[in-house]
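>>> coords below, sequence missing:
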């Protein structure tokens, strides 16, 4: 089969930066540790206890500049450093009042007027994934290359905000995995459903500006606007860049 895990990413604050990881311990039923652990509730949010839908949070689909944020989480210290090409980096503790104030002041220049503004960082004891279950997103390097060739543009990886990138599959072969289980390193994941995409994927993450219409290219070329699949971890284990991946059921 020859599949391997090419990249691992997590997004500590939903829609506000990503970081690459070399290895991570997955737990059954959970998303990546600290992936979407925090989210930024806007002033129009109607939050319920626990998980909430993405419409309650500021995100790249509405504010493209957010897509250019990079993140580095220091787990033990409880601090995050965010960077953006238009701003000086900021380091803060997201669970402290001072850290929240520092974050809100830092992100304010990136926000567009006329939209609901960020109000506070929230957490729910679980990842604020776009699915109501704690999901891990699995994406296909070959599908990204195929879509980039269609657009005549190097799409990079960041715009898709994925967790695990697999190499060795045929383009769009990930959709054939729905309902199957895949072993990656020491973990096992069940592929649940396709990922429907939004305008955030149209943004160049180096600049925070829209550069290509990924949604039209997907619709015109393939008859849908899906990219990647959501999975649920069914067997805990450690995964690392370079690990082999294979179908097990």
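Arrived safely. The shown structure was predicted, so the numbers you read here are calculated from the model rather than taken from an experiment. Residues are numbered from 1 along each chain as shown.

>>> Now find how far off-centre stretch 73-88 is within its chain.
In terms of CA atoms, centre = their mean, to the nearest Å, the centre of stretch 73-88 is found 16 Å from the chain centre.

>>> Residue 17 versus residue 69, what's the distance?
Per CB to CB, to the nearest Å, residue 69 is found 4 Å from residue 17. All C-beta spots, glycine's among them, are computed from the backbone N, C-alpha and C.

>>> Tell me where the chain has helices.
Counting by DSSP state H, residue ranges of the helices within the chain are 97-107, 141-151, 214-222.

>>> Tell me which of those sits nearest to residue 7.
Proximity to residue 7 (CB to CB) singles out helix 141-151 among the helices of the chain, at 8.2 Å.

>>> re earlier: what do residue 69 and residue 17 both touch?
Any residue near both residue 69 and residue 17 by CB atoms under 8 Å, 6 or more residues apart in numbering counts here, and that gives 82-83.

>>> Spatially central residue for the chain, please.
Centroid check for the chain by CA atoms, centre = their mean gives residue 161 as the closest residue, at 3.1 Å.

>>> how about the nearest residue to residue 15, chain neighbours excluded?
In space, and not counting its chain neighbours, residue 15 is closest to residue 59: 3.9 Å by CB to CB, 6 or more residues apart in numbering.

>>> May I ask you to confirm that that neighbour is in contact with residue 200?
Yes: between residue 59 and residue 200 there is a contact under CB atoms under 8 Å: 6.6 Å.

>>> Residue 145: neighbouring residues, count only.
Other residues lying near residue 145 total 13 when counted by other CB atoms under 10 Å.

>>> gap between it and residue 157?
Counting by CB to CB, the gap from residue 145 to residue 157 is 11 Å.

>>> repeat for residue 39
Per CB to CB, residue 39 is found 22 Å from residue 157.

>>> More neighbours: which of the two?
Taking other CB under 10 Å, residue 39 and residue 157 do not tie; residue 39 has more neighbours (28 against 17).

>>> buried set for stretch 176-196?
Judged by neighbour count (16 or more other CB atoms under 10 Å), stretch 176-196 contains these buried residues: 177, 181-185, 187-192, 194-195.

>>> Just the ones in strands from the residues you listed, please.
181-184, 187-192, 194-195 (DSSP state E).

>>> what would these look like in CSV with pLDDT and distance to residue 113?
Formatted as CSV, those follow (pLDDT from 0 to 100; distance: CB to CB, whole Å):
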residue, pLDDT, distance to residue 113
181, 98, 47
182, 98, 44
183, 98, 49
184, 98, 44
187, 98, 44
188, 98, 47
189, 98, 42
190, 98, 43
191, 98, 41
192, 98, 38
194, 98, 35
195, 98, 30
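
>>> Closest one of the residues you listed to residue 153?
Residue 153 has its nearest neighbour among these in residue 195, at 20.3 Å by CB to CB.

>>> now that closest one, nearest residue through space, not along the chain?
residue 228 (4.4 Å).

>>> That neighbour touches residue 136, doesn't it?
No: counting by CB under 8 Å, residue 228 does not reach residue 136; the two are 10.5 Å apart.

>>> Can you report how many residues neighbour residue 77?
9.

>>> Would you mind measuring from the nearest residue to it once chain neighbours are set aside to residue 41?
The shortest distance from residue 77 to any non-neighbouring residue, by CB to CB, 6+ apart, is to residue 93 (7.9 Å). Distance from residue 93 to residue 41, counting by CB to CB: 18 Å.

>>> Which one of these two is surrounded by more residues?
Higher neighbour count among residue 93 and residue 41: residue 41, with 20 against 16, using other CB under 10 Å.

>>> my read: the more buried one touches residue 54, true?
No: between residue 41 and residue 54 there is no contact under CB under 8 Å: 11.1 Å.

>>> what residues are up against the closest residue to residue 10 other than its chain neighbours?
Nearest in space to residue 10, with sequence neighbours left out and distances taken as CB to CB, 6+ apart, is residue 35 at 4.2 Å. Each residue near residue 35 by CB under 8 Å, 6+ apart is listed here: 10-12, 127, 129, 136, 163.
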